[in-house]
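Q: With the sequence up front, the predicted model follows.
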Amino acid sequence: MEPVSEPVIGIDLGTSYCCVAVFQDGKVEVVPNETGSRVTPSFVAFTEQECLVGEAAKRYGQKNPEQCIYEVKRLMGRAFRDTDVQQDSKHWPFTVVEGSSGEALVEVPRLTSSYQQHGQHFKPEEISAMLLRRMKKIAEDFTNYPSIRNAVITVPAYFNDSQRQATKDAGENAGLNVLRLMNEPTAAALAYGHQRLIGKKCQNKRILLFDLGGGTFDVSIIAVTSGVDIISKFTVNGVAGDRHLGGADFDNRLVCHLLDEFEKQTGTNVALRSNQKTLLKLKGVAESAKRGLSSSVSADIDVERVYEDKDLHTELGRAKFESLIADLLAKCMAVVQDALNIANVSRTDIAEVVLVGGSTRIPRVKEMLKEFFGRPPLACGHVDEAVAYGAAVMAGMRANRCDDPGNGPRISVEDVTALSIGVKLNLDQMNVIIRRSSPLPAQGSECFSTAVDYQTSLSFYLYEGERAMCSDNRFLGVFHLQGFTPVRATGKPVTRLILNVDENGILHAAAEATDNHIQMGLTEGITIDCGHGQLNKEKAPMIVQEAQASKNMDDAIREAFRERRKLRALAIEMRKDLPKITPPNKRRLVTKRVNEVLTWLGAEERVATSDIYTGHHIMLLTVKDAEGIPGCFCM
């Protein structure tokens with residue numbers, strides 16, 4: 001890489017901690033904050049005089065918990081009625097309310113005069129922008145550069161479209177030019193390669209990135225190869241994860257355990273689980289105990305004045321802690337297997353398992369991975385800093401145009417989509433256009449037509465997910481294509497829907513007419529407004545683990561839809577050939593059977609079984625053969 005005069009930065013915008021790294025003069029440095037720490041707590045607090053960020057905010061929150069916002073990453077791009085949001089709200093001392101579009105907002109009771117224009121409510125991306133501005137300022141102080149603009153910001157690989165858009169909005173709100181949103185495991189892989197492989201050819205290998213942070217969990221299978229014009233090429237073969245699993249959940253389990261212990265020791269029977277100061281105090285204690293158990297087999301817990309003048313004194317063993325979170329750790333290993341399945345590889349194909357994220361310090365995590373893969377995992381440098389380091393490398397590549405072959409040896413990074421994206425068809429069918437694990441940027445298209453005569457518009461309802469029915473997936477957005485000339489011609493006009501997922505993982509859509517039955521011609525650049533996480537109100541979105549559990553049912557539904565399409569095509573083709581049938585009584589019989597099938601299909605409110613469609617299909621073929629209709633109409 002060639003040196004740059006202006007520094008560029010990579011930011012790991014974490015659930016629990018943030019980290020910033022600078023790329024300048026051909027080198028990457030992880031930047032310490034004013035206290036000397038290279039990670040900064042993701043806390044924002046509002047006093048009567050100022051807005052605090054980081055350690056100061058965390059300390060202030062001990063006394064004024066309702067004024068202190070943390071773990072806001074879990075609200076990014078989410079709807080207020082999201083099941084996870086409702087569950088998390090029980091553990092937070094601050095208040096989450098519903099916005100006018102169904103989005104989740106943070107309520108702050110007392111604000112400084114400089115923030116009065118917001119009212120009492122903040123979007124999660126506004127709070128995240130305050131964290132990003134702090135990271136930007138830390139980097140500027142370190143480099144003595146007055147205004148750093150260009151940055152790569154990382155997101156969990158399993159962040160959906162609306163969460164990515166919210167993160168990009170936060171970066172722009174913080175005064176940053178977001179060069180790219182980068183998946184956290186991919187950034188960690190880039191850090192791994194930059195630290196270990198730069199300056200020499202790498203061995204071709206496949207690595208598994210296990211990224212367990214404060215609030216999210218990702219697993220990526222990455223192929224590392226070398227070529228003629230590159231030092232290393234990183235190709236993501238598959239990703240899996242849980243955007244709601246991490247150290248914060250481990251802390252919450254410990255808090256509940258400590259409350260149980262306090263009630264047992266003191267006989268106190270009050271609503272401590274709704275006492276915000278107590279919860280925040282115990283959360284800090286739980287986090288410290290969790291960290292201590294990474295290096296010790298037990299931790300002494302002493303908390304003064306948990307309630308009134310009553311204290312808590314207890315000892316927490318590592319075995320007890322592991323039993324409290326055993327089901328959560330089991331979910332982690334299920335995701336590992338899911339990632340292997342997606343990449344179509346076995347555990348023996350993995351050369352190295354690389355750890356990223358502070359929660360990978362938990363000894364049981366390392367033990368499980370060793371038992372599963374037969375070898376101990378490796379730490380990717382400093383597990384809290386690897387993601388920011390890799391993001392800074394990517395920022396340097398972007399700022400220096402290192403993807404230009406004319407600049408000599410380079411690093412190449414190829415990421416993939418985390419979820420399938422499709423459009424809703426009749427009977428709630430999910431018609432996939434861009435499949436999961438497609439290389440970014442990804443594009444897909446499909447043609448659609450009108451369903452009735454004189455139709456003047458088409459509406460495209462877009463979803464992401466792996467289930468067969470759209471109501472089981474996440475609603476992304478809708479746009480309407482209007483201006484058709486009303487004609488008596490079902491199936492006209494034919495319109496091509498084009499979906500693009502850019503390198504940031506953000507979806508864009510467009511549609512174009514392919515005939516003359518539309519007045520406006522090409523409709524360009526329709527960007528889906530995802531409402532920043534507004535979900536289907538009736539059902540929560542299904543994660544991939546649920547899709548795997550429902551695989552047999554979904555396969556049966558997809559087979560039923562295939563048989564339904566074959567039946568409809570046969571009935572329509574037979575209707576076209578009715579004039580060829582003689583004598584008239586035979587034509588009337590065929591007409592009756594065809595009309596019965598088409599009427600039944602048109603009146604369906606839900607998909608039938610494949611056997612039912614197959615039965616109707618056989619019946620029509622039998623009628624066709626009996627009546628001597630020429631030609632074969634089976635698809």
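A: Good, I have the coordinates.
Q: can we go C-alpha only for contacts and neighbour counts from here?
A: Fine.
Q: Just name the shakiest helix or strand of the chain by mean pLDDT.
A: strand 522-526 (a mean of 43; mean pLDDT, DSSP states H and E).
Q: Give me the domain ranges for the chain.
A: Residue ranges for the domains of the chain, per automatic domain parsing: 8-244+336-414, 247-326, 421-542, 551-627.
Q: can I get those domains in a markdown table with mean neighbour count?
A: Formatted as a markdown table, the domains of the chain follow (neighbours: other Cα atoms under 10 Å):
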| stretch | mean neighbour count |
| --- | --- |
| domain 8-244+336-414 | 21 |
| domain 247-326 | 16 |
| domain 421-542 | 19 |
| domain 551-627 | 16 |
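Q: How about Ala509: what's its closest non-neighbour residue?
A: Leaving aside its sequence neighbours, Ala509 sits nearest to Leu499 (Cα to Cα, 6 or more residues apart in numbering; 4.6 Å).
Q: Starting from the host helix or strand of that neighbour, tell me which strands it pairs with and how they run.
A: Element membership of Leu499 [criterion: DSSP states H and E] is strand 494-501. Sheet pairing for strand 494-501, assigned by DSSP bridges, gives strand 442-449 (antiparallel), strand 507-513 (antiparallel).
Q: Just give me the lowest mean pLDDT stretch among these.
A: Across these, strand 507-513 has the smallest mean pLDDT, namely a mean of 80.
Q: outside of the strand holding Leu499, which residues touch it?
A: 417, 433-434, 440-450, 507-515 (Cα atoms under 8 Å, 6 or more residues apart in numbering).
Q: now swap in stretch 607-624 and tell me
A: In contact with stretch 607-624 (Cα under 8 Å, 6+ apart) are residues 427, 556-557, 559-561, 563-564, 566-567, 570-571, 574, 590, 593-594, 597.
Q: one step back: between the strands paired with strand 494-501, which one is closest to Asp251.
A: Of all these, strand 507-513 sits nearest to Asp251, with 34.4 Å by Cα to Cα.
Q: How about exporting that closest one as CSV, limited to the C-alpha atoms?
A: Extracted C-alpha coordinates of strand 507-513, given in CSV (Å, rounded to 0.1, in the frame of the first residue of the first chain):
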residue,chain,number,x,y,z
LEU,A,507,-30.9,-3.2,-1.2
HIS,A,508,-32.0,-1.1,-4.2
ALA,A,509,-34.8,-2.0,-6.6
ALA,A,510,-36.0,-0.9,-10.0
ALA,A,511,-38.5,-2.1,-12.6
GLU,A,512,-38.7,-1.8,-16.4
ALA,A,513,-41.5,-2.7,-18.8
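Q: how about Ala166, secondary structure?
A: Here Ala166 is helix, with the state taken from DSSP: H, G, I helix; E, B strand; the rest coil.
Q: Would you quantify the distance from it to Tyr145?
A: 27 Å (Cα to Cα, to the nearest Å).
Q: Does Lys566 lie in a helix or a strand, and which?
A: Short version, using DSSP H and E: Lys566 is in helix 551-576.
Q: Summarise which helices and strands that helix is packed against.
A: Other elements packing on helix 551-576 under the criterion 3 or more Cα pairs under 8 Å, 6 or more residues apart in numbering; DSSP states H and E are helix 584-603, helix 610-627.
Q: Let me have those helices in TSV, adding mean pLDDT and distance to Asp161 as columns.
A: Output for these, formatted as TSV (pLDDT from 0 to 100; distance: least, Cα to Cα, whole Å):
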stretch	mean pLDDT	distance to Asp161
helix 584-603	77	34
helix 610-627	74	33
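Q: quick one: which of these is nearest Met182?
A: helix 610-627 (42.3 Å).
Q: quick one on the thing from earlier: weakest of the domains of the chain in terms of mean pLDDT?
A: domain 421-542 (a mean of 71).
Q: Who are the contact partners of Asp327?
A: Asp327 sits next to no residue when contact means Cα under 8 Å, 6+ apart.
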